[in-house]
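> coords please:
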Amino acid sequence: MKFSIDHKSPVPLHIQAEELLRNLIKDPEYATKFLPNEVDMAKQLAISRTTLRQALNKLVYEGLLIRKKGIGTKVAEVSVSSKASNWLSFSQEMQARGIPIKNFELHISWVYADEKLAHFFDIGTDKKVLKLERLRGKEEGPFVYFISYFHPRIGLTGDEDFKRPLYEILEKDHSIIANLSKEEISAKAADKFMASKLDVEVGSPLLFRKRYVFDQAERPIEYNLGYYHADSFVYTVESRRDT
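This is a model prediction of the structure:
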């Protein structure tokens, strides 16, 4: 297959690299095999490793590629997944259901990016990111604990009024439009910390949602973790069969 991109095209280089990688993944030659190393691919495409990594990271988080430190990037085995065609912020979700929101706790801190955050944001572990923790729910009690981390590029200071809808703050105060969300839903047993926050027994089942949020250029802006009362959240998926 043709392993090149058009540097004269108006399409951003990382988008072209992503499309090329998607075609590479479909090639039987690379089924469950390792891709060429990043240095060689970047040289061949005449792009920076940062640009290439932006494309690779997106496919890693879609589950199409698996990155193994010190070994390389491998094409993942085919798996079945469901995704919704629309997404809303928590405030919008609750507004749509006619449920008034109450913030029970709000904590802001600056933390060093761990390996997972550094990988998603494509930054070093020596970089600090803003961490926002919120305990939210209805008037009668909380039912979700959110932990959000934000890319330093956004420019959040920690002085923002986080009682406002989050994506409104990003768009109106920082000109960042959240355009794409990728989510993973699973079950978790409540540990001592979450049990105390959500007023449940240790070991009680919780719905655990990871949300990866990207801007209009598909650059990562937020890594969000949500811990929900198991009976408080319904995730609806609409699928259309190709004919």
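
> quick check: domain ranges of this structure?
13-75, 90-229 (the TED database).

> looking at those, which is nearest to residue 7?
Ranking the domains of the chain by proximity to residue 7 (Cβ to Cβ) places domain 13-75 first, at 6.7 Å. Any C-beta I mention is one placed from the backbone N, CA and C, and that applies to glycine too.

> gap between the two ends of that closest one?
One end of domain 13-75 sits 21 Å from the other (Cα to Cα, to the nearest Å).

> now the domains of the chain as a markdown table including mean neighbour count?
Putting these into a markdown table (neighbours: other Cβ atoms under 10 Å) gives the following:
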| stretch | mean neighbour count |
| --- | --- |
| domain 13-75 | 16 |
| domain 90-229 | 15 |
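
> residue 6: which of those is closest?
The nearest among the domains of the chain, by Cβ to Cβ, is domain 13-75 at 6.7 Å.

> could the domains of the chain go into CSV alongside distance to residue 7 and mean pLDDT?
Output for the domains of the chain, formatted as CSV (distance: least, Cβ to Cβ, whole Å; pLDDT from 0 to 100):
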stretch, distance to residue 7, mean pLDDT
domain 13-75, 7, 83
domain 90-229, 18, 91
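
> ok, now which ones touch the most centrally placed residue in the chain?
With distances taken as Cα atoms, centre = their mean, residue 212 lies nearest the centre of the chain, 1.1 Å away. Shown in contact with residue 212 (Cβ atoms under 8 Å, 6 or more residues apart in numbering): 61, 120, 181-183, 220, 222-224.

> for the domains of the chain, give me CSV that also has distance to residue 5.
Shown next, in CSV, are these (distance: least, Cβ to Cβ, whole Å):
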stretch, distance to residue 5
domain 13-75, 4
domain 90-229, 16
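
> closest one to residue 3 among those domains?
Closest approach to residue 3 among these is made by domain 13-75 (6.0 Å; Cβ to Cβ).

> among the contacts of residue 212, which ones are in helices?
Counting by DSSP state H, the contacts of residue 212 place 61, 120 in helices.

> okay if I get the contacts of residue 212 as TSV plus distance to residue 137?
Shown next, in TSV, are those (distance: Cβ to Cβ, whole Å):
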residue	distance to residue 137
61	29
120	27
181	21
182	25
183	20
220	28
222	21
223	22
224	17
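
> for residue 37, what are its contacts?
Residues counted as contacts of residue 37 (Cβ under 8 Å, 6+ apart) are residue 72.

> swap in 10 Å and give it another go.
43, 71-73 (Cβ atoms under 10 Å, 6 or more residues apart in numbering).

> from residue 24, how far off is it?
For residue 37, the distance to residue 24 (Cβ to Cβ, to the nearest Å) stands at 14 Å.

> do the same with residue 216
The gap separating residue 216 from residue 24 is 25 Å, by Cβ to Cβ.

> output stretch 153-172 as PDB, restricted to C-alpha atoms.
What follows is stretch 153-172 as a C-alpha-only set of coordinates in PDB (Å, rounded to 0.1, in the frame of the first residue of the first chain):
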ATOM      1  CA  ARG A 153      -2.600  23.600  26.900                       C
ATOM      2  CA  ILE A 154      -6.200  24.700  27.700                       C
ATOM      3  CA  GLY A 155      -5.000  27.400  30.200                       C
ATOM      4  CA  LEU A 156      -7.300  26.600  33.100                       C
ATOM      5  CA  THR A 157      -6.000  28.400  36.300                       C
ATOM      6  CA  GLY A 158      -8.200  26.800  39.000                       C
ATOM      7  CA  ASP A 159      -9.800  30.100  39.700                       C
ATOM      8  CA  GLU A 160     -12.700  29.400  37.400                       C
ATOM      9  CA  ASP A 161     -16.300  29.100  38.800                       C
ATOM     10  CA  PHE A 162     -16.700  25.400  38.400                       C
ATOM     11  CA  LYS A 163     -20.300  25.600  39.500                       C
ATOM     12  CA  ARG A 164     -21.000  26.700  35.900                       C
ATOM     13  CA  PRO A 165     -21.300  24.000  33.200                       C
ATOM     14  CA  LEU A 166     -17.800  22.700  32.500                       C
ATOM     15  CA  TYR A 167     -17.900  22.900  28.700                       C
ATOM     16  CA  GLU A 168     -19.400  26.400  28.900                       C
ATOM     17  CA  ILE A 169     -16.300  27.500  30.800                       C
ATOM     18  CA  LEU A 170     -14.000  25.900  28.300                       C
ATOM     19  CA  GLU A 171     -15.800  27.400  25.300                       C
ATOM     20  CA  LYS A 172     -16.600  30.900  26.600                       C
END
